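*Asks:* Predicted model and sequence follow; I will ask about them next.
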Amino acid sequence: MKTIFIIIDGLGDQPIPALGNKTPLESARTPNFNFLAKNGVCGLVLPWTKKSKLPTSEDTHLALFGFNPKIHNPGRGVLEVMGIGMKVLPGDVCLRGNFATVDSEGIIIDRRAGRIDKTRPLIKALNGMIIEGVYPVKSRKAGAAKPLFNRVKFLIGKAISHRIGIIIRGKNLSAKISDNDLKVVGARPLPIKALDKLKETKYTAETLNQFLEKAHYILKNHPLNKKRKLPANYILVRGAGAFKKSPTFYQKYKLKAGCIAAGTLYKGIGKYLGMDPVRVKGITGLSCTDLREKFLVSKKSLNKHDFIFCHIKAADSLAEDGNFQGKKNFIEQIDKNLKLLLGLKDILLVVTGDHSTCSLKKRHCSEPLPILIYSDKIKPDKVKTFSEKSCKNGKLGKIKQLNLMQKVVCYNK
């Protein structure tokens, strides 16, 4: 049996008073999700998190596919730049970035520069910047030090909207550096710091700080920004990482997988796990994405693949903006188009999220996620609707995210 694995980013939520103390999923009209729930098996997924931390998209996606993030996560930056299509070389340090707006005092007033989309002229102005400096290394003579002249190149790639990927390329670099993004407005960006005591790390942090300072000067004087109310005049960076090898999805499960996604992170996760990228016209990662085409191509792609990872992003973004009504409406749009996948024979449909995103808190949260698994051969449980509350009574019970693929594989046989 073949599988379509649909991940609705940020699917879960907390009850919202304005929705009658229901979550956006509970309050949404979802006849097709409910049909699958009624005729399949349901449960709750406990999202993978680091101790005392909120779940992250990269960790939860790796866990959903059965890859332990402690072992297999190369860093968000690596996954982002791979998703953009940038080539990562050994020794590269990769980061994700946002174009942001700071005022004349350096205070962040918008982390996304008004969600600017037309960023290619800004990227062109920064791409290929060289930072030259001296890196101290010990010579062969005891106690002596010989400075090493070093050139570090910064490569910038465009992601969705205000987002970018950054590759730092050069010698003597380390990914053990901090972020400069506090994820709040009204404060100055943090300086990049070394997270260990190695010379390579300190050198990398100092070099990145120089790049950010020069980039700020170039951006604030760029003609495109002179016309904007919220100029994209600063770069916020986070998630530094360096590439490391991981088993592929096929090596782990002997299933040929395809990845359908618009967001660069999710494309990058698919590429990192060896999934084939599947192109779909009209998908954007936004609420205007072409869901119909996404589901049609998912179905068609089963001719060449055993497993399709179909990612849907906008529910997460809407919740992060506090737009719970928009999240509810978008879930209804997903449900409307999901009808295209009903009636498939010998196909396993899995629907869940990567993590919950709480609309009132405008951030990721740790609430369990509903999951349904459906095929025409499954003996259904007693769940009648697809929601956080109803799925907790399902046959699957509570599943640790890292163990979910084992369940999927069992139902796939």
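*Replies:* Here it is on my side, so go on. Residues are numbered from 1 along each chain as shown.
*Asks:* tell me the domain ranges of this protein?
*Replies:* 2-73+245-412, 82-241 (automatic domain parsing).
*Asks:* Compare those domains and say which comes out lowest on pLDDT.
*Replies:* Comparing mean pLDDT across the domains of the chain, the weakest is domain 82-241, with a mean of 92.
*Asks:* Now find how far off-centre that one is within its chain.
*Replies:* Taking CA atoms, centre = their mean, to the nearest Å, the mean C-alpha location of domain 82-241 is offset from the chain mean by 19 Å.
*Asks:* try stretch 310-317
*Replies:* In this view, stretch 310-317 has its centroid 10 Å away from the chain centroid, taken as CA atoms, centre = their mean.
*Asks:* So which residues make contact with it?
*Replies:* With CB atoms under 8 Å, 6 or more residues apart in numbering as the test, stretch 310-317 has contacts from 4-11, 24, 57, 259-263, 266, 285-287, 289, 291, 294-295, 298, 327, 330-331, 334, 353, 357. For the C-beta atoms, the positions are set from N, CA and C on the backbone; glycine is no exception.
*Asks:* you'd agree Pro380 is up against Val41?
*Replies:* Yes: counting by CB atoms under 8 Å, Pro380 touches Val41, with 6.6 Å between them.
*Asks:* more neighbours, these two?
*Replies:* Using other CB atoms under 10 Å, the more surrounded residue of Pro380 and Val41 is Val41, with 22 against 16.
*Asks:* and that one, what are its bridge partners?
*Replies:* Beta-bridge partners recorded for Val41 (DSSP bridges): Ile373.
*Asks:* Give me the buried positions along stretch 369-385.
*Replies:* Leu369, Pro370, Ile371, Leu372, Ile373, Tyr374, Ser375, Pro380, Asp381, Val383, Thr385 (16 or more other CB atoms under 10 Å).
*Asks:* Just put those in a markdown table and tack on secondary structure and distance to Ile116.
*Replies:* Converted to a markdown table, the buried residues of stretch 369-385 look like this (DSSP: H, G, I helix; E, B strand; the rest coil; distance: CB to CB, whole Å):
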| residue | secondary structure | distance to Ile116 |
| --- | --- | --- |
| Leu369 | strand | 31 |
| Pro370 | strand | 34 |
| Ile371 | strand | 36 |
| Leu372 | strand | 37 |
| Ile373 | strand | 40 |
| Tyr374 | strand | 40 |
| Ser375 | coil | 44 |
| Pro380 | coil | 47 |
| Asp381 | coil | 47 |
| Val383 | coil | 43 |
| Thr385 | coil | 40 |
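*Asks:* wait, which of the residues you listed is closest to Lys339?
*Replies:* The nearest member of those to Lys339, counting by CB to CB, is Tyr374 at 13.4 Å.
*Asks:* Am I right that that closest one is in contact with Lys38?
*Replies:* No: using CB under 8 Å, Tyr374 makes no contact with Lys38, being 9.3 Å away.
*Asks:* So what touches the longest strand belonging to the chain?
*Replies:* The longest strand of the chain (DSSP state E) is strand 145-158. Strand 145-158 is contacted by residues 81, 84-86, 97, 119-120, 123, 126-139, 164-173, 203, 207, 211 when judged by CB under 8 Å, 6+ apart.
*Asks:* In helices, which of those appear?
*Replies:* Val81, Ile84, Arg120, Ile123, Leu126, Tyr203, Thr207, Phe211 (DSSP state H).
*Asks:* could you pull out the helices for the stretch 201-350 of the chain?
*Replies:* For the stretch 201-350 of the chain, the helices defined by DSSP state H, counting those that start in this stretch occupy 223-226, 249-253, 264-272, 291-301, 314-320, 324-338.
*Asks:* For beta bridges, what are the partners of Leu257?
*Replies:* For residue 257 the amino acid is Ala, not Leu. Assessed by DSSP bridges, Ala257 has beta-bridge partners Phe307.
*Asks:* now it: how far from Phe67?
*Replies:* 13 Å (CB to CB, to the nearest Å).
*Asks:* Mutual contacts of the two, please.
*Replies:* Both Ala257 and Phe67 are in contact with Leu273, where contact means CB under 8 Å, 6+ apart.
*Asks:* So in that sheet, which strands flank the longest strand of the chain, and in what orientation?
*Replies:* According to DSSP bridges, strand 145-158 forms sheet pairs with strand 129-138 (antiparallel), strand 163-169 (antiparallel).
*Asks:* Would you indicate which residues of it are buried?
*Replies:* Neighbour-count burial for strand 145-158 [16+ other CB under 10 Å]: Asn150, Val152, Phe154, Leu155, Ile156, Gly157, Lys158.
*Asks:* Bridged to the first one, which residues?
*Replies:* The one in question is Asn150. Here Asn150 sits in beta bridges with Gly133, as judged by DSSP bridges.
*Asks:* thinking Val297 is in contact with Pro277, fair?
*Replies:* No: checked against CB under 8 Å, the pair Val297 and Pro277 is beyond contact range at 11.7 Å.
*Asks:* Neighbour count: these two, which is higher?
*Replies:* Comparing Val297 with Pro277 by neighbour count (other CB under 10 Å), the higher total belongs to Val297, at 19 against 14.
*Asks:* how far away is the more buried one from Ser375?
*Replies:* For Val297 relative to Ser375 (CB to CB), the value is 20 Å.
*Asks:* To His364, which of the strands paired with strand 145-158 lies closest?
*Replies:* Taking these one by one with CB to CB, strand 163-169 is closest: 16.8 Å.
*Asks:* quick one: contacts of the closest one?
*Replies:* So strand 163-169 is contacted by 77, 80-81, 83-84, 86, 88-89, 91-99, 119, 123, 152-159, 204, 207-208, 211, 235, 237, 264 (CB under 8 Å, 6+ apart).
*Asks:* List buried members of the residues you listed by neighbour count.
*Replies:* By neighbour count, with 16+ other CB under 10 Å, the contacts of strand 163-169 hold 77, 80-81, 83-84, 86, 88, 92-99, 119, 152, 154-159, 204, 207-208, 211, 235, 237, 264 as buried.
*Asks:* ok, now how distant is Ala28 from Asn21?
*Replies:* Distance of Ala28 to Asn21, given as CB to CB: 15 Å.
*Asks:* neighbour count winner among those two?
*Replies:* Neighbour count, other CB under 10 Å: between Ala28 and Asn21, Ala28 has more, with 21 against 11.
*Asks:* excluding its backbone neighbours, what's nearest that one?
*Replies:* Sequence neighbours aside, Ile331 is the residue nearest to Ala28 in space, at 4.4 Å (criterion: CB to CB, 6 or more residues apart in numbering).
*Asks:* count of neighbours near the one you found?
*Replies:* Neighbours of Ile331 under the rule other CB under 10 Å: 27.
*Asks:* Understood, closing this out.
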